[in-house]
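Asks: Just to be clear, the model below is a prediction. Sequence and coordinates:
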Amino acid sequence: MIVFALLGVFLFGTSSPAFAATTPPTASASASCTADATTGCIQGTINQPSGDPAVGVSLHVTGAGGFDETITTNDQGKWVVAITTAGQYQVEVDESSLPEGQSLDASATNPATVDAALNKNTGRIFKLTGGSGDSSSGTTAPTDSSGGVTWERFLQQAASGLRLGLLLALASVGLSLIYGTTGLSNFAHGEQVTLGGILAYVFANLLGWNLILAAIVTVVICAATGYIQDWLIWKPLRRRGMSNMQMMIVTIGLSLALQYTFQFFIGAGTVRIDRSNPKTVDLGAITLSEQSLWAMLIAVIAIVLVGFFLLRTRIGRATRAVSDNPALSAASGINVDGIIRLVWTLAAGLAGLAGIMLGLVLNGISWQTGLQLLLLMFAATTLGGLGTAFGALAGALIIGMVVELTNLVLPGDFKYATALLILILVLLIRPQGIFGRRERIG
Amino acid sequence: MNELMTTLNAILASALSPGTAALAIAAIGLNIHFGYTGLLNMGQAGFMLIGAYAFAISIIGGLPLILAVIIALAAAVLFALVLGVPTLKLRGDYLAIVTISAAEIIRMVGRSSLLTNITGGSNGLVGNSYRGPFTDLSFLGDGQSGFGPWNYDNTGSDGWWIRLVAWALVALFSVMVFLLMRSPWGRVLRGIREDEDAVRALGKNVYSYKMQALILGGVLGAVAGVVYILPASLQADSMGRSMTFFIWTALLLGGAATIFGPILGAIVFFALRLLVQGLAGQFVPASIMTSQQTEQFSWILIGVTLMLIVIFRPQGILGNKKELSFNAR
């Protein structure tokens, strides 16, 4: 199934080669692109060293105007994408989808940057080396994997689901806490996640710092952006008595401005935080990259710490009190503005941490990573109950799992649709979510 | 100086373009949602896209023009029902979350490679495949005509015929909104915006009125989608989140809850964007900002503009502070 190609490249560049090899030569659709005044084509052919076409190789094309597409070579080894905006595009070959035993030639740049124009065909060639030309790979009939849901696939998807769920939880706790303490749905929260990934890219990749040092500095800077944001924008607006609806539109404007600021500096392509190729670890039927395992561990630790903070410390209790009833907490001597400032700082820091790990796990980060995550975050917090921190955790784990397991039966493009379906069902049946209370929703 | 004239000409051309008209129609629809009823629809581009797909696919499937338009409108009604039923009884945020998600999902499913045979996948559908029946209706004949900076084919793909129809629709919908909002029905909508509970106490079914407003605005969104694709091609990615935010910025810029606000907003929006891009392209050297970056810079300014308008002048250019969906002070 094409599921694997999409999954492998679009979200988890680290999926095992065994999966990609089973990708049948579909994508016949990709063989058509006619350049005209509003369309341009980027295309190429990938051949094995033996001269046979390399079938089913995944390429990820990103670029101008938010273009983001994954394509597989057809049975002549050809690939083509249609674009509608002229500009720079990045073409990245998913090396795990190459025919077995083969790799990109050392002279090939991957990802490659292509200057594409409208009304024009732009070519890009990737050269392969290695492997014996007469080996049975590539052109032979792929083993049939479309048969259905096997136990191995289920386990692998469930592991990916757990990973997504944990990272999602890390990102959504902050969203939920901000909603709980101020009543604001922060549409710019996704950009906080992207910011984390991009800062880590700047420090670890561009400046060549040690990854751990880069991560710590990134989280500190992200937390600082939360603090500054509340000080500069949100507190003055609350002082003016601005309604939440109005502030929500402000967050939407902020989100738009931030997205294009990211694009302004790093371009529309995907950037990688860690240049090295990830090592994979086999756990029974499950294959995960080392970085994924570390990310999951760090996420669990961070979540436990947040839980401890909320339940066992004085400030944590005060946070939950403000979340419950701001007026009453103010009356009992809690510094509500201080708590809100703390929540913004914490939320931005956690989102930044989630962004770094997403960038590592997904093998790169782009200006719209956070944006795509925002929908899942909203589904998670609504499912758990808007404004409850622990609801966000439970909701995120469920959403992460469901989204990944959807891939067992539906192609990758549809996984966000399942998240929406859950959201609509929750709103119909139990609008306050699992842990929410009734008075918040009306 | 030459550069400046080019920018000026581009601005004048965009003021009359069918794309501006489409944005204006979508903003009029959003005005019914947000300006008059107070509904936070963050997925107006989704309504446009669903209308555009329904229209183009029906025509390609061989249906007559009138039927295709009806199907496009029906699709928008259905979409509004699916989004409205679970959310309209809840706080405004929920409608915002569900609509923004649904619009994204329509876009993702539309560009999915599985549906390439129907929707054209990410390549979209070429204009020539669905434009025929519409241009056949033109009574302007062949040839070119024009005045001032505006010089177009009479009937061609991006000519006077589509401009005429698009702006006639803008005028028609403006009059419709004007009349509707003076009617008792419109007064109930404005009542809901001001105080839902008070309207409920008067025995009105608030849920039903909100649903009617959502459907009506959504249908206008679908019409906007059809107008938007007629002179060009149908690309799912051209009607994504950014489109929704453009519509919002245009509406708030012009002034929500006014008749001419959405139209003025749409024209000013495009003019400002081209002006920023033109000035940045001319005065900022390429070593500091490439042409690609000037475009991104203009989007950054749009985001900041949206924030500043909402904070400092929530009523926009034409609006009235008393007529706001949010109680600004």
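Replies: Alright, I've got the coordinates. Residues are numbered from 1 along each chain as shown, chains lettered A, B, ... in the order given.
Asks: show me the contacts for residue A:345.
Replies: For residue A:345, the contact set (Cβ atoms under 8 Å, 6 or more residues apart in numbering or on different chains) comprises A:223-224, A:226-227, A:230. Yep, even glycine has a C-beta here, placed from its N, CA and C like the rest.
Asks: In the chain, what helix or strand scores lowest on average pLDDT?
Replies: Unless you meant another one, I'm taking chain A. None of the helices or strands of chain A scores lower by mean pLDDT, DSSP states H and E than helix A:17-21, at a mean of 35.
Asks: try again with chain B
Replies: Every helix and strand in chain B was compared by mean pLDDT, DSSP H and E; the lowest is strand B:144-147, with a mean of 76.
Asks: Can you flag the buried ones in the contacts of residue A:345?
Replies: Among these, those scoring as buried are A:223, A:226-227, A:230 (criterion: 16 or more other Cβ atoms under 10 Å in any protein chain shown).
Asks: Closest one of those to chain B?
Replies: When the buried ones among the contacts of residue A:345 are compared for distance to chain B (Cβ to the nearest Cβ), residue A:230 comes out closest, at 15.2 Å.
Asks: thinking again about what came up before, let me know the closest of the contacts of residue A:345 to residue A:115.
Replies: Nearest to residue A:115 among the contacts of residue A:345 is residue A:224, at 37.1 Å by Cβ to Cβ.
Asks: In the host helix or strand of the closest one, which residues are buried?
Replies: Here residue A:224 sits within helix A:211-229, counting by DSSP states H and E. By neighbour count on 16+ other Cβ under 10 Å, the buried set for helix A:211-229 is A:211, A:214-215, A:217-219, A:221-223, A:225-227, A:229.
Asks: could you redo these as JSON lines and give each row distance to chain B?
Replies: Listed next are the buried residues of helix A:211-229 as JSON lines, based on distance: Cβ to the nearest Cβ, whole Å:
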{"residue": "A:211", "distance to chain B": "29"}
{"residue": "A:214", "distance to chain B": "25"}
{"residue": "A:215", "distance to chain B": "27"}
{"residue": "A:217", "distance to chain B": "25"}
{"residue": "A:218", "distance to chain B": "22"}
{"residue": "A:219", "distance to chain B": "25"}
{"residue": "A:221", "distance to chain B": "20"}
{"residue": "A:222", "distance to chain B": "20"}
{"residue": "A:223", "distance to chain B": "22"}
{"residue": "A:225", "distance to chain B": "16"}
{"residue": "A:226", "distance to chain B": "17"}
{"residue": "A:227", "distance to chain B": "19"}
{"residue": "A:229", "distance to chain B": "12"}
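Asks: picking up where we left off before, residue A:128: which of the contacts of residue A:345 is nearest?
Replies: residue A:223 (44.8 Å).
Asks: ok, now which ones touch the closest one?
Replies: With contact set as Cβ under 8 Å, 6+ apart, residue A:223 has these partners: A:345-346, A:348-349, A:352.
Asks: Who wins on neighbours among these?
Replies: residue A:352 (32 neighbours; other Cβ atoms under 10 Å in any protein chain shown).
Asks: mind listing what that one touches?
Replies: Taking Cβ under 8 Å, 6+ apart as the test, what residue A:352 contacts is A:192-193, A:195-196, A:199, A:218-219, A:221-223, A:225.
Asks: at 10 Å instead, please
Replies: Contact analysis of residue A:352 by Cβ atoms under 10 Å, 6 or more residues apart in numbering or on different chains lists A:170-171, A:174, A:192-200, A:215, A:218-226.
Asks: So which residues of the chain form strands?
Replies: In the absence of a named chain, this looks at chain A. Ranges of strands within chain A are A:40-45, A:58-63, A:67-72, A:78-83, A:87-93, A:103-104, A:112-116, A:121-123, A:128-129, A:280-283, A:286-289, based on DSSP state E.
Asks: Correction: the question concerned chain B.
Replies: B:144-147, B:150-153.
Asks: So is stretch A:360-367 next to chain B?
Replies: Yes. Counting by Cβ under 10 Å from any Cβ of the partner chain, chain B is contacted by stretch A:360-367 at residue A:367.
Asks: Convert that stretch to CSV, retaining C-alpha atoms only.
Replies: What follows is stretch A:360-367, C-alpha atoms only, in CSV (Å, rounded to 0.1, in the frame of the first residue of the first chain):
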residue,chain,number,x,y,z
LEU,A,360,14.5,14.8,15.5
VAL,A,361,11.8,12.1,15.3
LEU,A,362,10.3,13.3,12.0
ASN,A,363,13.7,13.8,10.5
GLY,A,364,13.3,17.5,10.0
ILE,A,365,11.2,20.5,10.7
SER,A,366,9.5,23.0,8.4
TRP,A,367,7.6,26.3,8.9
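Asks: buried set for that stretch?
Replies: Residues A:360-367 are the ones in stretch A:360-367 that count as buried (16+ other Cβ under 10 Å).
Asks: And the closest residue to residue B:262 other than its chain neighbours, how close does it get to residue B:129?
Replies: Nearest residue to residue B:262, sequence neighbours excluded (Cβ to Cβ, 6 or more residues apart in numbering or on different chains): residue B:27, at 3.5 Å. With distances taken as Cβ to Cβ, to the nearest Å, residue B:27 is found 28 Å from residue B:129.
Asks: The two: which has the busier surroundings?
Replies: Counted by other Cβ under 10 Å, residue B:27 and residue B:129 do not tie: residue B:27 has more neighbours, with 33 against 14.
Asks: Surely that one touches residue B:245?
Replies: No. Using Cβ atoms under 10 Å, residue B:27 is not in contact with residue B:245, being 11.9 Å away.
Asks: Mutual contacts of those two, please.
Replies: With Cβ under 10 Å, 6+ apart, residue B:27 and residue B:245 have common neighbours residue B:44.
Asks: just so I have it, where are all the helices in chain B?
Replies: Per DSSP state H, chain B has helices spanning B:2-16, B:18-30, B:44-60, B:65-87, B:92-110, B:116-119, B:128-136, B:160-182, B:184-194, B:196-201, B:206-229, B:241-254, B:261-283, B:291-312. These are given in chain order.
Asks: scratch that, the stretch 51-200 of chain A
Replies: Secondary structure of the stretch 51-200 of chain A (DSSP state H, counting those that start in this stretch): helices at A:151-182, A:189-200.
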